[in-house]
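Student: Okay, sequence plus prediction incoming.
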Amino acid sequence: MKTTELANDLLAMSAKMAAYLEGDELYKTVTVQGDGGDRLIKMTLGGMLERIRALRAHAPHNPAIVTAEKALQEARSTQPDAYYARLAREAKSYAGSWNWFLQECWDNTDRCEDDYATEVPIRLRIAHLLEAGGTRPEMREVRQQVEALDRRLREIWQPTDHPVIRDGEQYDRSQYWWLYGEPKPRAE
């Protein structure tokens, strides 16, 4: 995604933060105005966090980063219950998708190894959501679910030297171990 698009997305999401938290939609459709016309995107807290990270990696001084971080901080300050409930709901949704994919791995499907690199961004988003949620009680259930999935994944894990995602970011291997390898389902 282009730097301009990332910035425009963040500005549009920041402007809709209060309405997003007051509503019930997990994925809120937001209109983003740009040079090429209007685009529709899905707004989530995780989507904002990912765009902030991506924009910071490519244009660390872009003012849209500051605007988005202020919007998130204000939401945490003025609507903490709604903010953390939505964060936990999103993390739970992605944990369900991750569980579904890993179930295929444990069931020894041939596609597991081939699909891992395209599915692992789900686990990365979960990690970012859990990080943003910290030790808040709303995050406890999903944190426990992800820890259980990680324990099972380690049973079929084959480490490698390089991360499966090459997005320009540096990931701590001890924290993001699941980026440095692939599942190797056991043959029956």
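Tutor: Sure thing, it's come through.
Student: alpha carbons only for contacts and neighbour counts from here, please
Tutor: OK.
Student: mind checking which helix or strand Ala82 is in?
Tutor: helix 80-106 (DSSP states H and E).
Student: Quick one: mean pLDDT over that helix.
Tutor: The predicted model assigns helix 80-106 a mean pLDDT of 95.
Student: Show me what counts as buried in it.
Tutor: Using 16 or more other CA atoms under 10 Å as the test for burial, helix 80-106 gives 82-92, 94-96, 98-99, 101-103, 105-106.
Student: Likewise for stretch 31-39?
Tutor: 31-32.
Student: State the distance from the spatially most central residue of the chain to Gly46.
Tutor: In the chain, the residue lying closest to the centroid (CA atoms, centre = their mean) is Arg125, at 1.9 Å. As judged by CA to CA, to the nearest Å, Arg125 and Gly46 stand 7 Å apart.
Student: what's in contact with stretch 173-184?
Tutor: 105, 112-113, 116, 120, 153, 156-165 (CA atoms under 8 Å, 6 or more residues apart in numbering).
Student: got the contact list for Cys112?
Tutor: By CA under 8 Å, 6+ apart, the contact set of Cys112 is 101-102, 104-105, 183-185.
Student: ok so, going back, the contacts of stretch 173-184, buried ones only, as a PyMOL selection?
Tutor: Buried members of these, defined by 16+ other CA under 10 Å, are picked up in PyMOL with:
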select buried, resi 105+112+116+120+153+157+159+163+164
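Student: Which of the contacts of stretch 173-184 fall within strands?
Tutor: Here DSSP state E is the test, and those give 157-159 as lying in strands.
Student: Going by distance to Pro60, which of those residues wins?
Tutor: When those are compared for distance to Pro60 (CA to CA), Pro159 wins out at 31.9 Å.
Student: So for the nearest residue to the closest one once chain neighbours are set aside, what pLDDT did the model give?
Tutor: Distances taken as CA to CA, 6 or more residues apart in numbering place Gly181 nearest to Pro159, at 4.0 Å, with adjacent residues excluded. With respect to pLDDT, Gly181 has a value of 94.
Student: Just list the residues touching the closest residue to Pro121 other than its chain neighbours, thanks.
Tutor: Nearest residue to Pro121, sequence neighbours excluded (CA to CA, 6+ apart): Ile165, at 7.9 Å. With CA under 8 Å, 6+ apart as the criterion, the residues that contact Ile165 are 117, 121, 179.
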